[in-house]
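**Student:** just to be clear, the model below is a prediction. Sequence and coordinates:
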Amino acid sequence: MKFDKITKLIKDIGADALLLLNESNMHYLCDFSPSEGAVFVLKSGVSYHIVDSRYTETAEEHAKSTGLNVIEITGKFTEKIAELCKKHNVKKIAFENKTISLLSYTSYKEATGCEFIGIDDSLMKIRNVKSAEETKLMKKSNEIAEKSFLELLNHVRAGKSEKELQAYFDYLMAQNGSEGVSFATILLTGEHTSLPHGTPTNKIIKNGDFVLFDFGATYKGYHSDMTRTVAIGGATDEMREMYYLVLKAQLAGIAALKSGVKCSEVYKAAYDVLEEKNMGRYFRHSLGHGVGLDIHEGYNASPKSNDTFETGNVTSIEPGIYIPKKFGIRIEDVCIVTENGNENISTVNKELIVL
């Protein structure tokens, strides 16, 4: 099915072959993430995975199910692509014009002598619609992250530092089966929680603080993403009011999410709830982003988006408010878009937890 979509893409843009160098795009077809290599797909459907000796054995194992022809090189990748172009009479190559480096572009163009045609967002739009197998892998990565988070809560208390807990959190995810974190784990306390993407420091958790956790695990290349905010020792009336306002906004965004709905409308559903209490000005980012082989991919649920969600998209829904020098709150789930709604794969309770 994947290769049918790829060969259609090649033919639609008038190319003879597609050259992939981006790690995530290669993973989409070869089922693992080589740090270096090339995937070369002809419009006929014949496809090659070109690797060096570091990846030959792994590539050959995955090729049993993907059908890719594995070629181990001893020279340059550009030389092997040029050789394949000559063998198959390739004159026009579709390429990743939005991610390729100028050096790589120049090297492949000079080596092959071919015309290069940019694919823009075409492959990303294909990847943006997840198969049942892909969503199964994403649910597994989410399961690992959630299990680790619940275990971590047993260790979160006043006197611990942000960095200490971040390091232990990453260890727990690895212990529970994560191949690596989806992104640098965000774990913030007190005033630091007003920084949407703050970096953990040696700041110590105190009673009366919010602690914000933004985290994700990976499984077979696929990412998870979740944010939860908890209180330590107790929460003021204001903290509780603002927490449940953010939760109400998130639930409104999730309720609006379905196939055929504009990304901007899903954003507005959540934003309007925050504005009921004049808190929209403290919401400083989009409502969500696509998740998959990259932690940020595909559509964004932002007020500026012109995209429309479709069945099979996977997106985060993560409203937040960030009051400088005071506190911040974010609640994030990942949802799979369906024809009549969505499936929320995040299962951790969203009632305010007070530790």
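**Tutor:** That came through, no problem.

**Student:** Ile336 reaches Lys136, doesn't it?
**Tutor:** No - when contacts are counted by C-beta atoms under 8 Å, Ile336 is not listed as touching Lys136 (10.7 Å). Placement of C-beta: from N, CA and C, glycine included.

**Student:** neighbour-wise, which of the two wins?
**Tutor:** Ile336 (22 against 13; other C-beta atoms under 10 Å).

**Student:** neighbouring strands for the helix or strand hosting that one, and are they parallel or not?
**Tutor:** With secondary structure defined by DSSP states H and E, Ile336 is part of strand 333-338. Here strand 333-338 is paired, per DSSP bridges, with strand 314-317 (antiparallel), strand 341-344 (antiparallel).

**Student:** so for the last one, mean pLDDT?
**Tutor:** In this case it means strand 341-344. Averaged over strand 341-344, pLDDT sits at 97.

**Student:** show me where the stretch 151-300 of the chain has helices.
**Tutor:** Under the criterion DSSP state H, counting those that start in this stretch, helices of the stretch 151-300 of the chain are mapped to 162-175, 237-256, 263-275.

**Student:** any idea which of those helices is most buried?
**Tutor:** Highest mean neighbour count of these: helix 263-275, a mean of 21 (counted as mean count of other C-beta atoms under 10 Å).

**Student:** tell me what that helix is packed against?
**Tutor:** When contacts are defined as 3 or more C-beta pairs under 8 Å, 6 or more residues apart in numbering; DSSP states H and E, helix 263-275 packs onto helix 237-256.

**Student:** can I get the helix it packs on in PDB, CA atoms only?
**Tutor:** What follows is helix 237-256 as a C-alpha-only set of coordinates in PDB (Å, rounded to 0.1, in the frame of the first residue of the first chain):
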ATOM      1  CA  ASP A 237      -8.600  28.300  44.400                       C
ATOM      2  CA  GLU A 238      -7.000  30.200  41.500                       C
ATOM      3  CA  MET A 239      -4.800  27.300  40.600                       C
ATOM      4  CA  ARG A 240      -7.800  24.900  40.600                       C
ATOM      5  CA  GLU A 241     -10.000  27.400  38.600                       C
ATOM      6  CA  MET A 242      -7.300  27.800  35.900                       C
ATOM      7  CA  TYR A 243      -6.500  24.100  35.800                       C
ATOM      8  CA  TYR A 244     -10.100  23.200  35.100                       C
ATOM      9  CA  LEU A 245     -10.500  26.000  32.600                       C
ATOM     10  CA  VAL A 246      -7.600  24.500  30.600                       C
ATOM     11  CA  LEU A 247      -9.200  21.100  30.900                       C
ATOM     12  CA  LYS A 248     -12.500  22.400  29.700                       C
ATOM     13  CA  ALA A 249     -10.700  24.000  26.700                       C
ATOM     14  CA  GLN A 250      -9.000  20.700  25.900                       C
ATOM     15  CA  LEU A 251     -12.200  18.800  26.000                       C
ATOM     16  CA  ALA A 252     -13.800  21.300  23.700                       C
ATOM     17  CA  GLY A 253     -10.900  21.000  21.200                       C
ATOM     18  CA  ILE A 254     -11.200  17.200  21.300                       C
ATOM     19  CA  ALA A 255     -14.900  17.300  20.800                       C
ATOM     20  CA  ALA A 256     -14.500  19.500  17.700                       C
END
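
**Student:** would you mind getting the angle between that helix and strand 333-338?
**Tutor:** Here helix 237-256 runs at 20 degrees with respect to strand 333-338, directions being taken by axes from the mean of the first three to the mean of the last three C-alpha atoms, to 10 degrees.

**Student:** what residue ranges in the stretch 101-250 of the chain are flagged as low confidence?
**Tutor:** Within the stretch 101-250 of the chain, the set of residues satisfying pLDDT under 70 is empty.

**Student:** could you pull out the strands for it?
**Tutor:** For the stretch 101-250 of the chain, the strands identified by DSSP state E, counting those that start in this stretch occupy 115-118, 186-189, 210-215, 218-219, 222-223, 226-231, in order along the chain.

**Student:** so which of those comes closest to Leu20?
**Tutor:** Between Leu20 and the strands of the stretch 101-250 of the chain, the shortest separation by C-beta to C-beta is 13.1 Å, and it involves strand 115-118.

**Student:** other residues contacting the closest one?
**Tutor:** When contacts are taken as C-beta atoms under 8 Å, 6 or more residues apart in numbering, the neighbours of strand 115-118 outside the stretch itself are 13-15, 91-98, 105, 108-109.
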